[in-house]
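> After the sequence you'll find the predicted model.
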Amino acid sequence: MTVGGIGEVCASVGASKGRKMTTKTCDAIVIGGGPGGYVCAIRLAQLGQNVVCVEKEEVGGVCLNWGCIPSKALISTAHAWERTRAGAAMGIRTEGATLDAGAMQDWKNGIVKKLTGGIRQLFKANKVQLVMGTARVVGPTAVEVTLPDGSKEQYEAGKAIVVATGATTIEIPSLPFDGKQVIRPREAVGLREVPKRLCVIGGGVIGMELGTVFHKLGSELTIVEALPQLLTGIDPECTQVVERKLTRSGAKVMKSAKALGYEKQSDGSLLLKVQVGDKTETVACDTLLVSVGMRPNGKGVGLVEVGVKVDERGFVPTDAEGRTNVPTIFAIGDVSSMPMLAHKASKEGEVVAEVIAGRKAAKDWTAIPGAIFTEPEIGSAGLTADQAKERGYEVAVGKFPFAALGKAMAIGETDGFVKVVTDKKTRRILGVHIVGPSATDLISEGMLAIEMGAVADDLALTMHPHPTLGEAMMEAAAHSLGHAIHMMNR
Ligand code: NAI
């Protein structure tokens, strides 16, 4: 199945009578239509390349169809529902309000449909040829595609193949998915009923985001995390704010607790066994969401067979240009390296497209932003204070709490803070860490500051509109310099 007029830019060769397979040629073949692959394909087309993008499920990949976007739609619904119920203090009375989880799903599906349709339109407009099928690399520039009807097509790329095959949810052997009670994140975002008792295994990004959604919508929630901290890798002061809020609202958080397996009870519920130290505890629940990470899809696409190095975890290592050890084969996004983030995949896609088109480009980011949609949100960029110290910096930290900010009070969301980490000697901003309302939007200012090599004075002296949440950024930077206005300085 092809979309976008395959004949327009790909020439068919060897299509003589009697031959089962024809070979179609183009400049570049992108395998995978997620945020890495589709962005790469569009950029290649913008740069004048004839490009084919092969996708086996749906354009937009996991992010758009079962990950980032659906979860954000559910998160915003859960947030609105929570605000509605807590609105009495603001004078909003909503006795009798009900939640229709099915309607919520329909609304979410509508958003996904609009976005995937948008990508198809962009493909058409840019003359990217979308081939719906499963691709396999069969040579340094050759790809075979199995179409949904089982027939095969052969493609030959004049310049390059880009592997953007993403990653797959990890399954714990003792907790096999059944799609009903023991579910993957992609099934959780499609639930048309709110589970009564939900247990989430893995207090990472997905577990915390989706666990919070269903807790807000009414589930009794238990989070089971093997490590001593939730959201490992994030500034611990930020994660503490999130954990406190979650436990205060009645959720149970088990840390240093490893999920072992479960037993089905006679009433149909599940009893999860959890190892905590040398003890085994149990958690009774109706639904188990297992979100213990993703495995890169580097194996099973023919890469090893054509000589591309794939590491034991399934990652496909690349150089700064995104090139694998086979010069005509590139890899981007989750399949190439951590962190598995859509925005990092897209940027890699742009770099690789430029390289293939003969321009000078390289992956050379100063920082990769983190955006976690918990309650409250977390936005992070650059180094934490501890990471900066480990790298030999003498560090100054400025911090401003949302509780001291008029706008945060006006919207009734005062938990959290903005923290700015600077190099004491040069005042250069090394990191920005935000936990609080709209942290995931606010972090872009921190990213720009870090990318531009800004000093704390740049943020502190820039006039920020009042009353806005962004003022917390200005105040935190001023605090690092000892002259915040709306709080005491050291
Ligand atoms: P993750 O790696 O963030 O977290 C998985 C957690 O499961 C870890 O903390 C790990 O210690 C824990 N774990 C592993 N085995 C366990 C066991 N037997 N019992 C209890 N805990 C166990 O993985 P997650 O949340 O599945 O996310 C996958 C990827 O998707 C991540 O790389 C993440 O960056 C990305 N993602 C990012 C989002 C964002 O930035 N907003 C949103 C969703 C996904």
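Here it is on my side, so go on.

> Torsion angles phi and psi at residue 231?
Main-chain dihedrals, residue 231, degrees, to the nearest 10: phi 50, psi 60.

> What pairs with whatever helix or strand residue 28 lives in, parallel or antiparallel?
Element membership of residue 28 [criterion: DSSP states H and E] is strand 23-31. With DSSP bridges as the criterion, the sheet partners recorded for strand 23-31 are strand 11-13 (antiparallel), strand 51-55 (parallel), strand 152-163 (parallel).

> could you give the mean pLDDT of it?
When pLDDT is averaged along strand 23-31, the result is 97.

> Cross-check the contact I'm expecting between residue 342 and residue 63.
Yes: judged on Cβ atoms under 8 Å, residue 342 makes contact with residue 63 at a distance of 4.4 Å. C-betas here are computed from N, CA, C, even on glycine.

> Identify the contacts common to those two.
Common contact partners of residue 342 and residue 63 (Cβ atoms under 8 Å, 6 or more residues apart in numbering): 34-35.

> right, so the strands paired with strand 23-31: which one is the most enclosed?
When neighbours are counted by mean count of other Cβ atoms under 10 Å, the highest per-stretch mean among the strands paired with strand 23-31 falls to strand 51-55, a mean of 29.

> What's the first helix or strand after that strand?
Moving toward the C-terminus from strand 51-55, the first helix or strand encountered (DSSP H and E) is helix 61-65.

> Helix or strand next in line after that next one, which one?
Scanning forward in sequence from helix 61-65 by DSSP H and E, the next helix or strand is helix 68-85.

> Compare residue 342 and residue 63 and say which one has the larger neighbour count.
Taking residue 342 and residue 63 together and counting by other Cβ atoms under 10 Å, residue 63 has the greater number of neighbours (25 against 22).

> just to revisit the earlier point, possible to save the strands paired with strand 23-31 as a markdown table with distance to the ligand and mean pLDDT?
A markdown table is the format used below for the strands paired with strand 23-31 (distance: least, Cβ to the nearest ligand atom, whole Å; pLDDT from 0 to 100):
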| stretch | distance to the ligand | mean pLDDT |
| --- | --- | --- |
| strand 11-13 | 39 | 47 |
| strand 51-55 | 20 | 98 |
| strand 152-163 | 18 | 98 |
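
> Please convert those strands to a markdown table, extending it with distance to residue 40.
Output for the strands paired with strand 23-31, formatted as a markdown table (distance: least, Cβ to Cβ, whole Å):
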| stretch | distance to residue 40 |
| --- | --- |
| strand 11-13 | 22 |
| strand 51-55 | 8 |
| strand 152-163 | 5 |
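
> tell me which parts of the stretch 101-250 of the chain are close to the ligand?
The stretch 101-250 of the chain has residues 172, 201-207, 209, 224-227, 232 near the ligand, with proximity defined as Cβ under 6 Å from any ligand atom.

> nearest to residue 353, of those residues?
Of all these, the one sitting nearest residue 353 is residue 205; the distance, using Cβ to Cβ, is 27.5 Å.

> Flag every buried residue along the next helix or strand after the strand holding residue 28.
Scanning forward in sequence from strand 23-31 by DSSP H and E, the next helix or strand is helix 37-46. The neighbour-count check on helix 37-46 (16 or more other Cβ atoms under 10 Å) flags 37-45 as buried.

> same check, this time on stretch 113-121
Buried residues in stretch 113-121, counted by 16+ other Cβ under 10 Å: 116, 119-120.

> average pLDDT for it?
Per-residue scores along stretch 113-121 average to 98.

> Offset the numbering so it begins at 497, please.
All right, first residue 497 from here; so that's stretch 609-617.

> Could you list the residues in contact with it?
499-500, 529, 534, 554-556, 560-561, 565, 626.

> Equivalent analysis for stretch 647-657, please.
Judged by Cβ under 8 Å, 6+ apart, the contacts made with stretch 647-657 from elsewhere in the structure are 506, 509, 516-527, 545-546, 548, 550, 627, 629, 633-634, 636-643, 824-826, 852.

> roughly how far is it from the heart of the chain?
30 Å (Cα atoms, centre = their mean, to the nearest Å).

> How about stretch 836-844?
Shown here is stretch 836-844, whose average C-alpha point lies 8 Å from the average C-alpha point of the whole chain (Cα atoms, centre = their mean).

> Not counting its own residues, what contacts that stretch?
Everything outside stretch 836-844 that qualifies as a contact, by Cβ under 8 Å, 6+ apart, is 530-532, 535-536, 559, 563-564, 660, 663, 790, 792, 818, 828-830, 832, 859, 861, 864-866.
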